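**Q** Kindly return the folded structure for what I paste below:
(2 chains)
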Amino acid sequence: MIVNIILAISGVLTGAAVILALVRFLKGPTIYDRIASIDVMTLITTAVLVFLAVLYKRAYYLDVAIVYSILSFIGVVAFARFMEKKND
Amino acid sequence: MINQIAGSVMILIGSLFFLLGSLGLMRLPDIYNRLQAGTKATTMGIMFSVLGIGVYYPEFILKALLIVTFIMITNPVSSGTLARSAFRNRVKFDERTINEVKDL
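**A** This next block holds a predicted model:
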């Protein structure tokens, strides 16, 4: 009973964190602000996948979380190298 | 029973770190400061959350340690690469940020 209350509170806090990062995505003057907010949002999505593994009691959501964290890292590094090579 | 309560409290602390990191991402004045807030806080938050599920279901502890190790290694690398790319493209520093390479 108390476990469900604590997980619900943490879900609400995580949703508020995603909304704040989305505000920075819409407002940021340079393009690097938007990439930083996408980095934060993909990491929060990885944590939400871990929450769903607790909630639905399935083991293979953790494998999806590993793959998504790899994709997030490669996406940010690829974009940074592309922006560096554009103005050589 | 006790490991369920402890795991839930760790997940709550992790989501609190996420909220603080996003708050810093929204309020800080400069791209370089925003990268600091976004990286450090979210790395700590995801470490607490994933270790919390490792405590909640003790048979998932090996996969949880694998996720934590990978994120601890790669998240600072990606943030440092992004900051380097922003510096090479001459994104302006805010006047309150300490700048040690003023003549570039």
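**Q** How about B:Leu66: what's its closest non-neighbour residue?
**A** Among residues not flanking B:Leu66 along the chain, A:Ile66 sits closest, at 6.8 Å (C-beta to C-beta, 6 or more residues apart in numbering or on different chains). From N, CA and C alone the C-beta is placed, and that goes for glycine too.
**Q** Tell me who's in contact with that neighbour.
**A** Residues near A:Ile66 by C-beta atoms under 8 Å, 6 or more residues apart in numbering or on different chains: B:Lys63, B:Leu66, B:Ile67, B:Phe70.
**Q** Can you tell me the element it falls in?
**A** Assigned by DSSP states H and E, A:Ile66 belongs to helix A:61-86.
**Q** What are the buried residues along that helix?
**A** Using 16 or more other C-beta atoms under 10 Å in any protein chain shown as the test for burial, helix A:61-86 gives A:61-62, A:65-66, A:69, A:72-73, A:76-77, A:79-80, A:83-84.
**Q** The host helix or strand of A:Gly11 vs chain B: in contact?
**A** Assigned by DSSP H and E, A:Gly11 falls within helix A:2-27. Yes - using C-beta under 8 Å from any C-beta of the partner chain, helix A:2-27 reaches chain B at A:2-3, A:6-7, A:9-11, A:13-14, A:16-18, A:20-21, A:23-24.
**Q** so which of these is the most crowded?
**A** For those, the largest number of neighbours (other C-beta atoms under 10 Å in any protein chain shown) sits with A:Ala17, at 27 neighbours.
**Q** can you tell me which residues contact it?
**A** Contacts of A:Ala17 by C-beta under 8 Å, 6+ apart are A:Ile44, B:Ser15, B:Phe18, B:Leu19, B:Gly21, B:Ser22.
**Q** thought the second one was touching B:Ser49?
**A** Read it as B:Ser15. Yes - judged on C-beta atoms under 8 Å, B:Ser15 makes contact with B:Ser49 at a distance of 7.0 Å.
**Q** Save the contacts of A:Ala17 as a markdown table, and put in neighbour count, pLDDT and secondary structure too.
**A** Shown next, in a markdown table, are the contacts of A:Ala17 (neighbours: other C-beta atoms under 10 Å in any protein chain shown; pLDDT from 0 to 100; DSSP: H, G, I helix; E, B strand; the rest coil):
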| residue | neighbour count | pLDDT | secondary structure |
| --- | --- | --- | --- |
| A:Ile44 | 24 | 94 | helix |
| B:Ser15 | 26 | 94 | helix |
| B:Phe18 | 30 | 95 | helix |
| B:Leu19 | 21 | 95 | helix |
| B:Gly21 | 26 | 94 | helix |
| B:Ser22 | 30 | 94 | helix |
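**Q** which of those residues lies closest to B:Ala83?
**A** B:Gly21 (16.3 Å; C-beta to C-beta).
**Q** where does the chain dip in pLDDT?
**A** I went with chain A, as the question did not name one. A:87-88 (pLDDT under 70).
**Q** My question was about chain B, not that one.
**A** By pLDDT under 70, the low-scoring segments of chain B are B:103-104.
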